[in-house]
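Engineer: Prediction below, plus the sequence it came from.
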Amino acid sequence: MQTAFAAAAPRGKLPFYRHLYVQVLAAIAAGVLLGHFYPEIGEAMKPFGDAFIKLVKMVIAPVIFLTVATGIAGVSDLQKVGRVAGKAMIYFLAFSTLALVVGLVVSNVVQPGAGMHIDPATLDATKVATYTEKAHDTSIVGFLMNIIPDTIIGAFAKGDILQVLFFSVLFGLALAAPIGAFGAMAFTIGKYGIGSIANLAMLIGTFYLTSLLFVLVVLGAVARYNGFSILALIRYVKEELLLVLGTSSSEAALPGLMAKMERAGCNRSVVGLVVPTGYSFNLDGTNIYMTLAALFIA
């Protein structure tokens with residue numbers, strides 16, 4: 001299987017700065033620096049990250065639909081599709097539960113929230129209201145963001161000429177990934193600051209350590225059982241992993257991830273069924289974080 005990863009990798013030597021993962025890393029670093037030294041400008045970069053995520057979400061639904069539809073249509077044995085779906089659901093349930101157990105064990109051992117006492121009276125209760133109210137942004141930025149349709153079908157159904165035109169022109173805007181990562185990271189650091197993130201360093205460090213442990217040990221064992229190396233897979237999808245890290249949205253990597261899995265030799269119908277379904281039912285990282293965060297604030 002690792003030979004499939006190697007064979008599927010793009011051939012030909014490119015200058016290092018032309019690789020997408022290098023550009024995303026540079027954009028993340030630039031976003032951190034901008035947000036730290038010029039926080040107000042960093043906060044103003046938020047629309048770049050939001051716009052990129054909206055661009056990706058715009059094409060996710062048709063990509064999934066076409067992949068699943070064409071994949072299933074090309075399979076003569078529909079029982080095979082059912083078997084794949086059944087095995088995927090069993091895997092999702094088993095490893096999601098295992099992720100919760102791993103998170104509980106590590107959080108009880110490390111105890112990242114020990115010694116940190118926060119008086120609930122000091123918390124701003126009005127902050128909760130900001131998550132329940134829908135903001136009505138009538139600024140220039142809000143107008144431009146509204147041009148990006150939530151879905152392709154929505155743009156055509158509403159007959160919004162600007163949205164249809166925007167989609168037609170920017171359908172292939174994959175090179176916007178570094179811009180999206182830059183904007184998202186600059187806003188995060190500018191809004192909350194490196195200092196505020198450092199206060200939660202124990203929780204963050206524990207989460208990443210636990211995730212690394214889960215990937216290398218648990219998923220590594222699954223990969224070895226199926227005849228390939230988890231490290232080879234990580235190297236193969238490194239651009240998508242860095243994109244998720246920079247934008248804080250796993251949806252941003254979905255189209256590219258599905259395309260890479262097909263290039264590596266995975267059956268189209270399997271990719272179309274398993275990968276999108278895993279985005280909803282196999283949230284191992286989220287399960288680990290939930291257990292850590294629950295004990296952190298307890």
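Structural biologist: Received, thanks. Numbering: from 1, shown residues only.
Engineer: Tell me where the model's unsure across the chain.
Structural biologist: Within the chain, the stretches with pLDDT under 70 are 1-14, 20-21, 59-61, 63-64, 66-78, 113-177, 195-200, 246-248, 298.
Engineer: which one's the longest helix in it?
Structural biologist: Of all segments of type helix in the chain, defined using DSSP state H, the longest is helix 78-110.
Engineer: Show me what that helix is packed against.
Structural biologist: Under the contact definition 3 or more CB pairs under 8 Å, 6 or more residues apart in numbering; DSSP states H and E, helix 78-110 sits against helix 201-213, helix 268-281, helix 284-297. C-beta here means a position set from N, CA and C on the backbone, and glycine is covered the same way.
Engineer: Which one of these lies nearest to residue 224?
Structural biologist: helix 201-213 (15.7 Å; CB to CB).
Engineer: and the angle from the closest one to helix 78-110?
Structural biologist: 140 degrees (axes from the mean of the first three to the mean of the last three CA atoms, to 10 degrees).
Engineer: Can you name the next helix or strand after helix 201-213?
Structural biologist: Where DSSP states H and E defines the elements, the next helix or strand beyond helix 201-213 is helix 220-225.
Engineer: same for that next one, what does it pack against?
Structural biologist: Packed on helix 220-225, when contacts are counted by 3+ CB pairs under 8 Å, 6+ apart, are helix 230-236.
Engineer: now for the helices and strands packed on helix 78-110, which one comes closest to residue 219?
Structural biologist: helix 284-297 (8.2 Å).
Engineer: what sits against residue 111?
Structural biologist: residue 295 (CB atoms under 8 Å, 6 or more residues apart in numbering).
Engineer: Could I get the phi/psi values of it?
Structural biologist: Residue 111 adopts backbone torsions of phi 50, psi 70, taken as degrees, to the nearest 10.
Engineer: any idea how far it lies from residue 236?
Structural biologist: Distance of residue 111 to residue 236, given as CB to CB, to the nearest Å: 36 Å.
Engineer: do residue 188 as well
Structural biologist: In terms of CB to CB, residue 188 sits 27 Å off from residue 236.
Engineer: ok, now residue 283?
Structural biologist: In terms of CB to CB, residue 283 sits 22 Å off from residue 236.
Engineer: Same check on residue 222?
Structural biologist: 16 Å.
Engineer: before we move on, the earlier item: any chance of the helices and strands packed on helix 78-110 in JSON lines, plus mean neighbour count?
Structural biologist: Putting those into JSON lines (neighbours: other CB atoms under 10 Å) gives the following:
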{"stretch": "helix 201-213", "mean neighbour count": "16"}
{"stretch": "helix 268-281", "mean neighbour count": "18"}
{"stretch": "helix 284-297", "mean neighbour count": "19"}
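Engineer: mind checking which of those is nearest residue 43?
Structural biologist: helix 201-213 (21.0 Å).
Engineer: What's the local residue count around residue 51?
Structural biologist: 20 (other CB atoms under 10 Å).
Engineer: again, but for residue 19
Structural biologist: Residue 19 has 14 nearby residues by other CB under 10 Å.
Engineer: Pull the contacting residues for it.
Structural biologist: residue 239.
Engineer: Spatially, which residue comes closest to residue 274, not counting chain neighbours?
Structural biologist: residue 88 (4.8 Å; CB to CB, 6 or more residues apart in numbering).
Engineer: Settle this for me: the one you found is touching residue 276, isn't it.
Structural biologist: No. With contact defined as CB atoms under 8 Å, residue 88 does not count as touching residue 276 (10.6 Å).
Engineer: picking that back up, looking at the helices and strands packed on helix 78-110, which is nearest to residue 252?
Structural biologist: Comparing those under CB to CB, the one sitting nearest is helix 268-281, at 11.6 Å.
Engineer: now for the closest one, which elements pack on it?
Structural biologist: helix 46-73, helix 78-110, helix 254-263.
Engineer: Understood, closing this out.
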